Structure formats: structure tokens, C-alpha cells
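**Student:** Okay, sequence plus prediction incoming.
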Amino acid sequence: MLAFLALASIALVGIAPQCQAIVIYTGWERHALVGSDVRLSCSFFSWRWTSEDVTFSWSYRPDGSRDSISIFHFTGGAPYVDNKGPFRDRLEFVGNPGRRDGSILIKNLDFSDNGTFTCDAKNPPDIVGRPSSVRLLVFENLPVQAGVITGAIIGAVLGLLVLIVVIYYLMRFLVARRVFNLSVSKHGKKGKGKEGSQQRQGPVLYATLDQSKLKASASEKKKQESRKDKK
Amino acid sequence: MLILLAGIFLLHIATIVLLLVATIDNSWWVTQQMTTDLWGTWVNQNGNWNLTSVVTNSQEYLQAVQATSVLACIFAILGLFVFIAQLFTLQKGQRFIFSGVFQFLACLCIMIAASIYTDIFHKNDPGQYGYCFILAWIAFSLTLISSIIYFVLRKKVK
């Protein structure tokens, strides 16, 4: 019994630190324009309270290079920014360690700043964890994503079409209802009469333009049919 | 009467086919080594054709041409169904306005697509216009004729 309890407690102690590992969050990728500023965010999750000895470290590895250099370190309550490397005078600490935020601001970006930025945070005694990386991409002008404008134009026009059709049928439905209400009251025959006369006037005005050809072809067909019947 | 109807129907189907071919095939601009636009570029390298994405400075205009040519196809196909529906439901002596409107919208869209393409793309590039570009302009004229016919045509009054 006691041996079983001892084994169980040892197993729990063995598993526990893994549950209590520190987890660091940065973005996956950041896109920015040349000459602009970019804020690289870094925060962490830890089961312990935020200690006074919390540390943040940022390191930078340029695209195509295998070496990474350290560019920022926060320890003992004070930030230490890069004053000799590629980011001197351009790096600023904008985070709040008390709120587990270790973000940095890089100003006046250039194409040589393309690369991977790695954030490592430690919250003593919780120091076991994996650093997280964010990739920075610097563009001359922000590219339009494939198909966004295409989809937007097609969607907008088709949506407008559906809207117009719905409004048309709605208006027809409402007008039909009004006619029905009118016919119940005094103006019934006048309303129906007006519609009927309009329908008759339409074809009468334009019949000579179209109906002549149709009548000619129809009469020709009738003659042909009668000839076939006779034969 | 039936012959007239069949002719109008065939004209409509022909416009749909022309619009679909012009939109789908990547052949608005051809050179010796490649044929390109609207959706990709086929490059001939040592006898093998490889498909790559279109490289251009006017991405927004290319996407506008893509959108309007697809819309022209959609309107023409919808117009065909509307025409068939109107054949059965229209009152005697009435005009095929609805089908004419759809064909006219298709004509407008393909005209916008072809005009943008003519004005913006390949102004100083070597090469010549491909067959899809020509089909787009032919489809414009055919849809215009088709829509005018629908606006003038009337359902037979017995």
C-alpha cells in the first residue's frame, strides 16, 4: 500500500514539470513596408505567478544566414537594447513585463531586416520551455492577395443582381396587393380596365413593325400546310 | 417560326461557348516562348510547357479583367435559362426583355474586360494578341446582336 502510494507520487512529480513548462507566443509572420515601423509581440503562459526576475530575450537571424545574434534582453527589471548591431538606435522596448508582454518595436525598416526573430522568456522558477520565432517580411509595396479583387467584384455584382430581382418581385407583389385592395373598394373596374387597355394599346402601337413579318411567315406556313394537305 | 427560334437559340449558345473559351484558356497574349493571361503563363522551356503565375505590375487590373469576364459568362448562361423560362411563361405579344437584359449585361461585362486588357496590358511587349482575346471581342459583338434581337422579338400572338 505504502509502496504503491510512493510510486504514484514519484510518477506525478515526474509528470508535473512538463505540465508546468512555460509556453511562449509570438506571431507566425509579419509583413511590413520599407521605411515603416513594425511591432513584434511576445508573451508567455506560465503556471507560476510572474516573478520579479522575469527575463525576455530577442535574437535575430537574417535570411540565408545560420548565425543568430542577440539584439534585446530584459532582466532585473531593466531593458537592454541593441547598441552595436544592425538594430542600433532603431530598437525600442514597448512591452510590459508585469503583464507578461515582451514586445519590441523596430523602426525604419529596410530590406536587410528580412529574417527570423526569436523570443525567449523565462519566469523563474519556471524556466523550461521552447523559444518562439516570428518571420519578418519587408515589402516595397504590399502585394494584392491572389483573387481578392476578383472575388470582391463578382460577389458585389451578383449580390446587386439578386437584390434588384428581389426588390422587383417585392414591388410587383405589393402593387398586386394594392390593385386587389382597390378592386374591393370603388375603383375596382377602373383599375382593371386601365390595365387591360394598356395591354391592348402596347401591341397595337408596335404591331405593324413586328407582326407583319410574323403574319407573313405564319400565312406562308399555313399556305404550305394547306398545299401539303391537298396533296 | 421554329427556324427563327432555333437560330436565336443557337446564337445564344454560340455566345456562351465563345465566352467560356475566352475566359478559361490562357491565351490572350502569345510570343514565341510563352502564352499568357488571364489565369497563368505557359512558358515553353526546351519543349516542356510549364505553368507559372502571371507576372505583372497591374495585378489589380488583371483581377478586374478576370472578374468581369467570369461575370460575362455567368450572365450569358443565366440569360439562356431565363430565355427558356420566358418562352413558356411570357404572355402573348410580350417582349423578351428579361433575357435581353441578361445578354446586354454579359455584353457590357465582356466589353469592360476586353477594353481594360487592351488599354493596360502589353503596351510595349514583343508578341501579339492570342486567339482568346479575339474571341472576347467577337463574343462582345455577338452578345450585342443577341440582346438587340431579344429586345425586338415578341412572343407570337395567335
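**Tutor:** That came through fine.

**Student:** Please make it C-alpha for all contacts and neighbour counts, starting now.
**Tutor:** Will do.

**Student:** what sits against the residue nearest the centre of chain B?
**Tutor:** By C-alpha atoms, centre = their mean, chain B has its centre lying nearest to B:Leu19, at 3.0 Å. B:Leu19 makes contacts with B:Ser69, B:Ala72, B:Cys73, B:Leu135, B:Ala136, B:Ala139, as judged by C-alpha atoms under 8 Å, 6 or more residues apart in numbering or on different chains.

**Student:** repeat for A:Gly95
**Tutor:** A:Asp101, A:Gly102, A:Ser103, A:Ile104.

**Student:** likewise A:Ser59?
**Tutor:** For A:Ser59, the contact set (C-alpha under 8 Å, 6+ apart) comprises A:Ser68, A:Ile69, A:Ser70, A:Ile71, A:Phe72, A:Phe117, A:Thr118, A:Cys119.

**Student:** which is the next helix or strand following whichever strand or helix holds it?
**Tutor:** Assigned by DSSP states H and E, A:Ser59 belongs to strand A:55-62. Going down the chain from strand A:55-62, the next helix or strand is strand A:69-75, by DSSP H and E.

**Student:** Check which helices and strands that next one is in contact with.
**Tutor:** Applying 3 or more C-alpha pairs under 8 Å, 6 or more residues apart in numbering or on different chains; DSSP states H and E, one finds that strand A:69-75 contacts strand A:55-62, strand A:78-81.

**Student:** deepest of these, which one?
**Tutor:** Most buried of the helices and strands packed on strand A:69-75, by mean neighbour count (mean count of other C-alpha atoms under 10 Å in any protein chain shown): strand A:55-62, with a mean of 20.

**Student:** circling back: direction included, what does the strand holding A:Ser59 pair up with?
**Tutor:** When pairing is defined by DSSP bridges, strand A:55-62 lines up against strand A:69-75 (antiparallel), strand A:115-122 (antiparallel).

**Student:** Any buried residues in the first one, and which?
**Tutor:** Going back to what we said before, that points to strand A:69-75. Buried positions in strand A:69-75, judged by neighbour count with 16 or more other C-alpha atoms under 10 Å in any protein chain shown: A:Ser70, A:Ile71, A:Phe72, A:His73, A:Phe74.

**Student:** now, which of those sits nearest chain B?
**Tutor:** Proximity of these to chain B (C-alpha to the nearest C-alpha) peaks at A:Ile71, which lies at 36.6 Å.

**Student:** so who does the closest one touch?
**Tutor:** Applying C-alpha under 8 Å, 6+ apart to A:Ile71 gives the contacts A:Ser57, A:Trp58, A:Ser59, A:Tyr60, A:Val81, A:Asp82, A:Gly85, A:Phe87.

**Student:** what about A:Phe20, distance to A:Leu7?
**Tutor:** Quick fix: residue A:20 is Gln, not Phe. 21 Å (C-alpha to C-alpha, to the nearest Å).

**Student:** before we move on, back to that, kindly reformat the helices and strands packed on strand A:69-75 as CSV containing distance to B:Ile24 and mean pLDDT.
**Tutor:** Below are these laid out as CSV (distance: least, C-alpha to C-alpha, whole Å; pLDDT from 0 to 100):
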stretch, distance to B:Ile24, mean pLDDT
strand A:55-62, 42, 91
strand A:78-81, 55, 87
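
**Student:** what about those, which gets the closest to B:Thr23?
**Tutor:** strand A:55-62 (42.8 Å; C-alpha to C-alpha).

**Student:** Please state the offset of that closest one from the chain centre?
**Tutor:** Put simply, strand A:55-62 sits 29 Å off its chain's centre (C-alpha atoms, centre = their mean, to the nearest Å).

**Student:** same question, stretch B:107-125
**Tutor:** So, by C-alpha atoms, centre = their mean, the centroid of stretch B:107-125 is 13 Å from its chain's centroid.

**Student:** residues of that stretch that come out buried?
**Tutor:** So for stretch B:107-125, counting by 16+ other C-alpha under 10 Å, buried means B:Cys107, B:Leu108, B:Cys109, B:Ile110, B:Met111, B:Ile112, B:Ala113, B:Ala114, B:Ile116, B:Tyr117, B:Phe121.

**Student:** Keep only those of those residues that are in helices.
**Tutor:** B:Cys107, B:Leu108, B:Cys109, B:Ile110, B:Met111, B:Ile112, B:Ala113, B:Ala114, B:Ile116, B:Tyr117 (DSSP state H).

**Student:** The fifth one and B:Leu144: what is the separation?
**Tutor:** This means B:Met111. 10 Å.

**Student:** what's the answer for the fourth one, then?
**Tutor:** If you measure B:Ile110 against B:Leu144 using C-alpha to C-alpha, the figure is 10 Å.

**Student:** Spell out which residues of chain B are next to chain A.
**Tutor:** B:1, B:59-60, B:63-64, B:66-68, B:70-71, B:93, B:153-154, B:156 (C-alpha under 8 Å from any C-alpha of the partner chain).
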